[in-house]
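> no sequence for this one, just the structure:
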Ligand SMILES: O=C(O)CCC(=O)C(=O)O
Ligand SMILES: [Fe+2]
């Protein structure tokens, strides 16, 4: 009998289509396009590093209160599905645009060492119609679990599921999940033809020092 096995456990992704509806998503796309024609800067990793071999896209600060409100309405159901608790969290998010040749290689948003305050990832997608780019799928990797301790899972064992970055859809998943953005092909190269995503996390609030801490 062979015990040389690795289980590949699918990861739960909560996806909702037509999330904000036609009008609200069109208005948000308009604001994203305006931002894309303004001051977007190269996206960073590990806080402030621009490493184009790992991540190629542009980002900027963005306000989307209507999106946060809608997220709040489904939050309890999502928490239940993903078995996470986002009690006492605050959102942190920005606008990302991927244009021709852009991608984000496999990574975790919270690797257990850095960014451990991130408890829930959300990604809300926007784009023009018909979709002006190809590729750009969100690839979510299954979790490899060796059957026995002697067998270790290798990167070659990995399997995955790709999710379409469809306009007005949103996905939620645990930030510890391995995921990547597949390369985008956007022949026009125009900013308005980008793959837009409002991407962020519900983050544990920093603990305020108690009066006892302050006194000591
Ligand atoms: O845009 C996406 O689909 C995901 C982006 C992402 O993984 C990130 O910004 O951490
Ligand atoms: Fe990510």
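Done, it's in. Quick caveat: nothing in here was measured; it's all calculated off a predicted structure. Ligands and ions are numbered 1, 2, ... in the order given.
> Which positions in the longest helix anywhere in the chain come out as buried?
With secondary structure taken from DSSP state H, the chain has its longest helix at helix 65-82. Neighbour counts over helix 65-82 (16 or more other CB atoms under 10 Å) mark 67-68, 70-71, 74-75, 78-79, 82 as buried. Where C-beta positions appear, they are placed from N, C-alpha and C, glycine not excepted.
> so which of those residues also contact ligand 1?
When CB under 6 Å from any ligand atom is applied, no member of those is adjacent to ligand 1.
> so residue 3 touches residue 146, yeah?
No. Residue 3 lies out of contact with residue 146 (CB atoms under 8 Å); the separation is 9.2 Å.
> Which one of those two is surrounded by more residues?
With neighbours defined as other CB atoms under 10 Å, residue 3 and residue 146 compare such that residue 146 has more, 15 against 9.
> residues touching residue 50, list them.
With contact set as CB atoms under 8 Å, 6 or more residues apart in numbering, residue 50 has these partners: 42-44.
> same check, this time on residue 123
138, 165, 170-171, 197-199.
> How about the residues of this protein by ligand 1?
So far as CB under 6 Å from any ligand atom goes, the chain lies against ligand 1 at 96, 104, 109, 123, 138, 165, 179, 181, 197, 199.
> Neighbour-wise, give me the winner out of those.
Most surrounded of the residues of the chain next to ligand 1: other CB under 10 Å gives residue 197, at 28 neighbours.
> what separates it from residue 11, distance-wise?
Look at residue 197 and residue 11: by CB to CB, to the nearest Å, they are 19 Å apart.
> which one among the contacts of residue 123 gets closest to residue 188?
Among the contacts of residue 123, residue 165 lies closest to residue 188 (CB to CB), at 17.1 Å.
> how about the residue lying closest to that closest one once chain neighbours are set aside, what does it touch?
Sequence neighbours aside, residue 125 is the residue nearest to residue 165 in space, at 4.3 Å (criterion: CB to CB, 6 or more residues apart in numbering). Neighbouring residues of residue 125 by CB under 8 Å, 6+ apart: 165-170, 195-197.
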